[in-house]
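1. Below: sequence and its predicted model.
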Amino acid sequence: MPELPEVETVVRDLRKHGLANTIILGIDVRWSRAVSGLAPAAFAKALIGRAVTGVTRRAKYIVITLDSGSRLLIHLRMTGKLRFIPAGERPGKHDHVVITFDGQRRLVFNDTRKFGRFLLCPASSDPFAKLGPEPLEDTFTVAALRGRLEGKRRMIKPLLLDQATVAGLGNIYVDESLWHAKIHPERRADTLSPLEIRRLHTAIRAVLRRAVENGGTTLGDGAANFYSVAGHRGRNADALNVFRRDGLPCPHCGSPLARMTVGQRGTHFCPACQPLLISPQTGHSA
DNA sequence: AGTCTTGTTCGACT
DNA sequence: CAGTCGAACAAGAC
């Protein structure tokens, strides 16, 4: 499930493979709905002959900038993967888009669940207008987070999963961040104390930074899990403290971790470290 | 063999 | 408008 750290890992991998400064020679759309908004022929026509000028990330989007000024966005959603295949190798099952670059490089988009999308955005459009701040950039200060939570009556977990609040967080890193900050996932955002917001800010950045350093999180085996462009597993699974660890002891207090559903999402937390009780005296978590 | 799981977005509804 | 809820997407795991 690629979230910010996994997408960042993919983007760095693509750069490492020298994707910037290549020319797109061919596009093979093998499943047309993998491309949003354009028919395969129009998509191919817009891309073939274009030079790639850069590869970056915004939220969970891979952003491939082109010399035409437009940008090719790739969202991996749940099971999308990019990998280079050797010349001669035939695309296989769930390989939905193949891009051929100069130098015989062929990049394949593979997606078992078919949720991932390619999106071609003209230079004039701003596809990121609704996204919240990048949590690892310097502009994401405690005050910035406080501003995002201000006046919000929603539960903190669904609010953090909303890409308009903070860009790039997903289920794994929200559960991990809330555990580090000792905040119950169902806490109403506008009941968080300044101290709790500060802890949450620190937690989000530490959790994401570590996951990026570890090349993302890969849980279990199987094709549906995260693999970087080079086919490597993420090494961050060992750094997780609560995600999918219900029943195991809390690394902080030793009491069993719990699982519940919050906003229709599987949610992992420590009932002892992250209590929901509100003290009437302070309005802060007990 | 049917049910569950999984993340995100979007539309409908309150 | 803010927020909640369910649908839709698709296929593998169990």
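-> On my side now, so go ahead.
2. Check the burial of residue A:249 by counting its neighbours.
-> Residue A:249 is flanked by 12 other residues according to other CB atoms under 10 Å. Every residue, glycine included, has its C-beta placed from N, CA and C.
3. tell me which parts of the stretch 1-150 of chain A are close to DNA strand C?
-> A:33, A:93-94, A:112-115 (CB under 7 Å from any atom of the strand).
4. Tell me the secondary structure of residue A:55, please.
-> The assignment at residue A:55 comes out as strand when based on DSSP: H, G, I helix; E, B strand; the rest coil.
5. ok, which stretches of chain A are helices?
-> A:4-16, A:40-47, A:142-149, A:156-161, A:171-181, A:194-213 (DSSP state H).
6. Return the most buried member of the ones you listed.
-> helix A:171-181 (a mean of 25; mean count of other CB atoms under 10 Å).
7. what residues does that helix touch?
-> Where contact means CB atoms under 8 Å, 6 or more residues apart in numbering, the residues beyond helix A:171-181 that reach it are A:1, A:3-5, A:156-157, A:160-161, A:169, A:184-185, A:196, A:199-200, A:202-204, A:206-208, A:211, A:217, A:240-243, A:265-270, A:273-274.
8. near DNA strand B, which residues of the stretch 101-250 of chain A?
-> Taking CB under 7 Å from any atom of the strand as the contact definition, the stretch 101-250 of chain A meets DNA strand B at A:113, A:115, A:161, A:163, A:170-172, A:244.
9. from those residues, which two are the most distant?
-> Between any two of those, the greatest separation by CB to CB is 22.5 Å, found for A:163 and A:244.
10. rewinding a little: what subset of the residues of the stretch 1-150 of chain A next to DNA strand C is buried?
-> When those are checked for burial by 16 or more other CB atoms under 10 Å, the buried set is A:94, A:112.
11. With pLDDT as added columns, please give the residues of the stretch 1-150 of chain A next to DNA strand C in CSV.
-> Converted to CSV, those look like this (pLDDT from 0 to 100):
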residue, pLDDT
A:33, 88
A:93, 83
A:94, 88
A:112, 88
A:113, 86
A:114, 89
A:115, 88
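12. Specify which member of the residues of the stretch 1-150 of chain A next to DNA strand C is nearest to DNA strand C.
-> Each of those was checked against DNA strand C using CB to the nearest atom of the strand; the closest is residue A:114, at 3.3 Å.
13. for the closest one, what are its contacts?
-> When contacts are counted by CB under 8 Å, 6+ apart, residue A:114 is found next to A:31, A:33-34, A:94, A:96.
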